[in-house]
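[1] Make a model of this:
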Amino acid sequence: MKKTLALVLALLMFASLAACGGGATPTPTPATTAPTPTPATDAPAATDTATPSAAPVTLTYVDWNTQDFHDQMKAALAQALPNITLQDQIIGGSDYSAQLNTMIAAGNAPDVFVCQLADYLNFARNGYLMDVSNQPSIATMAKVPAVQQAFTVNGKVYGYMMNSGGGPCPIFYNKAFFDANGLTVPTTMDEFNQLCEKIKSLGVMPMVFGGKDAWTLQQLFGSMAWSSAFAANPQMNEAIANGTAKPSDYYTEVFNQEADWVAKGYIGKDCLTMDYGQSQQYFADGKAAMMPQGPWLTKETIITTAEQDASKFQLAAFALPIDPINGVVHDVGSPDKIICVSATTKHPEEALQFFDFFSSPEFNKTFLKLDGSTTILPITYDINPIVQPFYAWLSSSAVQLTFAQTYSAPAFDPTYLQNILAGSPASTELASFDSTIATMQNQFIKN
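    I've put the predicted structure just below:
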């Protein structure tokens, strides 16, 4: 998939939005905690991977993917590097960043692990990651200069971006329900709101979210925020960091939009008591007509099981028809899973061999298939036909994606969106957002 991106150097306040990993069980994007632990010793520089050692070695590995992914990944690893055994661990997405930071701060860093961009930058700046600048896969990232720039810390690169995405997440819908009721895919936000009203009149919830898992709300509303925010100021983080703007200057529209949809019943109160898995079942059972979510929804067992009865459930997707500003929909491109090697690994040679295996084009393609995710790197891979129209739109001239900004910012707390779902006024959550960010100015970092 190719895209001419308006890629501006740096990072995102909503960096954990549209590219989140998924699979057969819920694997939400982790809420980045990114505490700064006590720095370790300087990271040793990586060299090209050597011939696999004959001596068996066990490496520790941590991510937030699925057991099915781990099983298939280890089977492929056994063929490629039979001398390496993985002692692998899966940590739930909601707790991942906090637990990983605790492990690293305590001196128990896994040999190899996956993290997101905010943690990657924090770890790289504090000497926790091995320099992988000379590893083969980094040349692939260099083909997208803004990605390479975003990953470069003090002239070195410390990880490889396995997947990435951008734009508003797909709006999945039950085509069987749409067809049975003469409903059509909207092309404007006015049409989308009219569609929601019609669905509600049929006694079905228009949109379902697993509201107990706040990240599910972030998938849609986080990306919506960028459309107006980037159009107003592509360097909004810098303005907030310098005190010339507040978050509410950029997020009022989307917070009000969520509050309006909640008030109208387009997002029902049932969402408050559902987690991600339960929201899938609600959707599959026909109790909701649409489910905004990442592309991994196509692979979820609950969904694929429901698809076996096409008379009741057919999964399809469209892009939220965000109204363009000056003819363009503005949104973000963001990294998701980044593979890194610990600077303190006791097996640097084998850890780099595993890194090279994991980040190779061959396994990257397998990773994207198993993970149900996408990338903007020049790698050939398969996209599920259900989301192909969405990505065709995302790759068109109608969308302008900004990869990053000149300042990185503290991670967005999606509980603001969760509170609005629970009935808190948008104005209250915006004031809380402003107040919290005002105490975190030292966490804005110029890249």
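
[2] lowest-confidence helix or strand of the chain?
    strand 407-408 (a mean of 64; mean pLDDT, DSSP states H and E).

[3] which helices and strands does the longest helix seen in the chain pack with?
    Assignment by DSSP state H gives helix 215-232 as the longest helix of the chain. Helices and strands touching helix 215-232, by 3 or more Cβ pairs under 8 Å, 6 or more residues apart in numbering; DSSP states H and E, are helix 248-263, strand 329-335, helix 415-421. All C-beta atoms are positioned from the backbone trio N, CA, C, and that covers glycine.

[4] In JSON lines, list the ones you listed along with distance to Leu315.
    Listed next are these as JSON lines, based on distance: least, Cβ to Cβ, whole Å:
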{"stretch": "helix 248-263", "distance to Leu315": "22"}
{"stretch": "strand 329-335", "distance to Leu315": "23"}
{"stretch": "helix 415-421", "distance to Leu315": "24"}
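
[5] Can you check which of those gets nearest to Phe354?
    strand 329-335 (20.0 Å; Cβ to Cβ).

[6] Quickly run through the sheet partners of the closest one, with directions.
    Here strand 329-335 has these sheet partners by DSSP bridges: strand 164-166 (antiparallel), strand 399-402 (parallel).

[7] I'd like the next helix or strand past the first one.
    Meaning strand 164-166. Later in the chain than strand 164-166, the nearest helix or strand by DSSP states H and E is strand 170-174.

[8] Adjacent strands (with direction) for that next one?
    Here, using DSSP bridges, strand 170-174 pairs with strand 288-292 (antiparallel), strand 315-319 (antiparallel).

[9] Which of these comes out lowest on mean pLDDT?
    Per-stretch mean pLDDT for those is lowest at strand 315-319 (a mean of 95).

[10] Which positions within that strand qualify as buried?
    By neighbour count on 16 or more other Cβ atoms under 10 Å, the buried set for strand 315-319 is 315-319.

[11] which among those residues gets closest to Val112?
    Set against Val112, the nearest of these by Cβ to Cβ is Ala317 (33.5 Å).

[12] Name the nearest residue to the closest one, ignoring sequence neighbours.
    The shortest distance from Ala317 to any non-neighbouring residue, by Cβ to Cβ, 6 or more residues apart in numbering, is to Pro170 (4.1 Å).

[13] Same check on Asp285?
    Ala306 (7.8 Å).

[14] The one you found and Thr273, how far apart?
    21 Å (Cβ to Cβ, to the nearest Å).

[15] before we move on, what about Ala263?
    As for Ala263, its distance to Thr273 is 19 Å (criterion: Cβ to Cβ).
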